[in-house]
Each structure stands twice: as C-alpha cells, then as structure tokens.
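Trainee: From the sequence below, what's the structure:
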Amino acid sequence: MDVKQIRYSLDLARPGSTWCIRELKGNRRFLSRVLGMGLTPGTRVGVLSNFKLGPLILFLRNSQVAIGRKEAEKIIVEQMEQL
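Mentor: Below is the predicted model:
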C-alpha cells in the first residue's frame, strides 16, 4: 500500500515534529541564505519551537537554527516522524 505524503510550508509545523525539506521557493538572496544554514532539499528538520509569532527554532545537522516566519513559508516540507 502506497502512502501519499502531504506537503506543507514549514511555518505550519508543530513543535516536536520531524520534517524532510522537499522544495525551496524564493529569490536568489533567500536561497543563498537558507542553503548556507544547511536547509537543503532532503534534509531532516526537527521543529523545537513554533509559537505562531516570531521565529521558528529548528534542529538540523546537530545544530539549532532560528528562521523567520516569512522564510519558513517558503520552505516546503513533508512530515516524517515524531521526535
């Protein structure tokens, strides 16, 4: 049985969930910034904090990273598993 993964923008992610980055939408400046932080397609990202106001705190590649809400809207992810 094939399970279809649903894609969301990262700003909708709940704390404690794990996601896989599938797509980045934005201009060159945005792409340069997020790629430099290690937010690349195929990367697993854990959401540590998302209060729906202010930045999201993420865990990836053994580091904590904060990104703005507008940036998180441009990162398309699929949910993988619970932390």
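Trainee: Quick check: Ser32 is in a helix.
Mentor: Yes. If the criterion is DSSP: H, G, I helix; E, B strand; the rest coil, then Ser32 is within a helix.
Trainee: Identify the residues contacting it.
Mentor: Applying C-beta atoms under 8 Å, 6 or more residues apart in numbering to Ser32 gives no contacts. To be clear about C-beta, it is placed using only N, CA and C from the backbone, and glycine gets the same treatment.
Trainee: I'd like to know the predicted local confidence at it, please.
Mentor: Ser32 is assigned 96 on the pLDDT scale.
Trainee: now it: how far from Leu48?
Mentor: To Leu48, Ser32 is 24 Å away according to C-beta to C-beta, to the nearest Å.
Trainee: Tell me which stretches of this structure form strands.
Mentor: 7-9, 17-24, 44-49, 56-60, 63-67, 75-82 (DSSP state E).
Trainee: Show me the one of those strands that comes nearest Gly38.
Mentor: With distances scored as C-beta to C-beta, the stretch of the strands of the chain nearest to Gly38 is strand 56-60 (5.8 Å).
Trainee: I appreciate the help and will end here.
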